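# 3D, please:
(one chain, ligands or ions: 1)
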Amino acid sequence: MIIRCKTCVYPTTKPDLMFQDGQCQACINYRNRPRIDWRQREQELIKVLERSRKSRHNHDCIVPSSGGKDSTAQVLKIIELGFKPLVVTATTCHLTEIGRQNIANLKLHADTIEVDPDPEARAKLNVLGMELVGDISWPEHAAIFSIPFRAAVDYGMDLIVYGECPQREYGGPINSESAMQMTRRWVDEFGGLLGLRPSDFVGHLGLTEANMQYYTLPSDAHMVGLKAIWLGQFVPWDSHANASKAITAGMKYILPSEANHWPWENLDNAQTGLHDHMMYRKYGYGRLAGQVSVDIRSGRMSREMGIKLVEDYDGKFPFEYMGVKVEEVLDRLGRDMNWVDDCMTYHTDWSLFESYVVNKRPKLKAPAVVG
Ligand SMILES: [Zn+2]
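Coordinates of the predicted model:
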């Protein structure tokens, strides 16, 4: 049986999420937001940017990007503050048409480097990630950190500006929301690698050490002086505001699938539907639950409405995601639906669900509220 936060709809099964008196850490952090002097934080950010080492072409920092709403808003914010970002885009595992258009759109606003690692090796990592830890997106999680850090080393830059601090916005261990700088330890703990190190893949399905380079952070010696921060620690984070800013700047969007609530998030990778569905099976909550939780916290939606939407749509199987059929996603990996069924059965936490499954969506046992 799943137990939910009494304010939003996050379950206690969400990894790393702490609860106090029935309320999750994401809701507590949100309530504490006004205590932060955001004007002073923005001044601190300006100082950090002023101190950064510029690239040969006068870029002040790297903004890691997928071309989505957050990266677009990050880039525009840095420009607004009077600085020049270099966008480093790690292409997603199965780039969608809209994803491609949005990368092209962001290139209109800032210089961009696009890194697109070997698709064959990446497909093997998708397969292994799904089989070993139920996460098709393992290479994407790894690349989001390793590729911008590698680009910073290669270009002699010393500042990377990521988006939101996940522990502040979505909750984590107590006090983890106050980290101001991303470290190797942080990436190991919270980078979504699920305990798998890049070296663990070497030798499987013919993967070599060279294949894993793009998924590995540079050595400590190379990272001396290199700083990675979250914009969301200096500017109050608002997904809706980011989306409207990005849309005004030309970003295209559609609702990716029925299991999503926001039409302007996670548009760039056709595999994300499977990633989100596996999250639902492993932890009892999917993308829609995460998105409506944000909306409940900010007062845009009632908790009752959120629960209703979760019951009706969260965790629905992505037969189609961003207009791409699941069979096409699997074709590229050389796998079929039987393989997905096996992975799903193996990685589902059956203690959370009724034993029957309709349209590949297991039904949650009746939910309860903490406390
Ligand atoms: Zn909550």
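# could you chop the protein up by domain?
3-34+255-370, 38-239 (automatic domain parsing).
# closest one to the ion among the ones you listed?
With respect to the ion, and counting by Cβ to the ion, the nearest of those is domain 3-34+255-370 at 3.2 Å. C-beta here means a position set from N, CA and C on the backbone, and glycine is covered the same way.
# which residues of the stretch 151-300 of the chain fall in helices?
166-170, 184-190, 239-248, 272-283, 287-297 (DSSP state H, counting those that start in this stretch).
# the ones you listed: which one's closest to residue 103?
Residue 103 sits nearest to helix 239-248 of all the helices of the stretch 151-300 of the chain, at 12.4 Å, using Cβ to Cβ.
# quick one: contacts of that closest one?
68-70, 72-73, 76, 251, 253, 262, 264-265, 294, 298, 300 (Cβ atoms under 8 Å, 6 or more residues apart in numbering).
# recalculate using a threshold of 10 Å.
67-77, 80, 102, 105-106, 163-164, 169, 231, 235, 238, 251-253, 262-265, 291, 294-295, 298, 300 (Cβ atoms under 10 Å, 6 or more residues apart in numbering).
# contact residues of the protein facing the ion?
5, 7, 8, 10, 24, 27 (Cβ under 5 Å from the ion).
# if we can go back for a sec, in CSV: the domains of the chain, plus mean pLDDT.
Output for these, formatted as CSV (pLDDT from 0 to 100):
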stretch, mean pLDDT
domain 3-34+255-370, 95
domain 38-239, 93
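# just send the helices of the stretch 151-300 of the chain back as TSV, with mean neighbour count too.
TSV is the format used below for these (neighbours: other Cβ atoms under 10 Å):
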stretch	mean neighbour count
helix 166-170	22
helix 184-190	15
helix 239-248	18
helix 272-283	25
helix 287-297	24
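# kindly reformat the ones you listed as TSV and extend each row with distance to residue 20.
Formatted as TSV, the helices of the stretch 151-300 of the chain follow (distance: least, Cβ to Cβ, whole Å):
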stretch	distance to residue 20
helix 166-170	15
helix 184-190	20
helix 239-248	24
helix 272-283	20
helix 287-297	15
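# can you tell which of these is closest to residue 334?
Across the helices of the stretch 151-300 of the chain, closest to residue 334 is helix 272-283 (Cβ to Cβ), at 15.0 Å.
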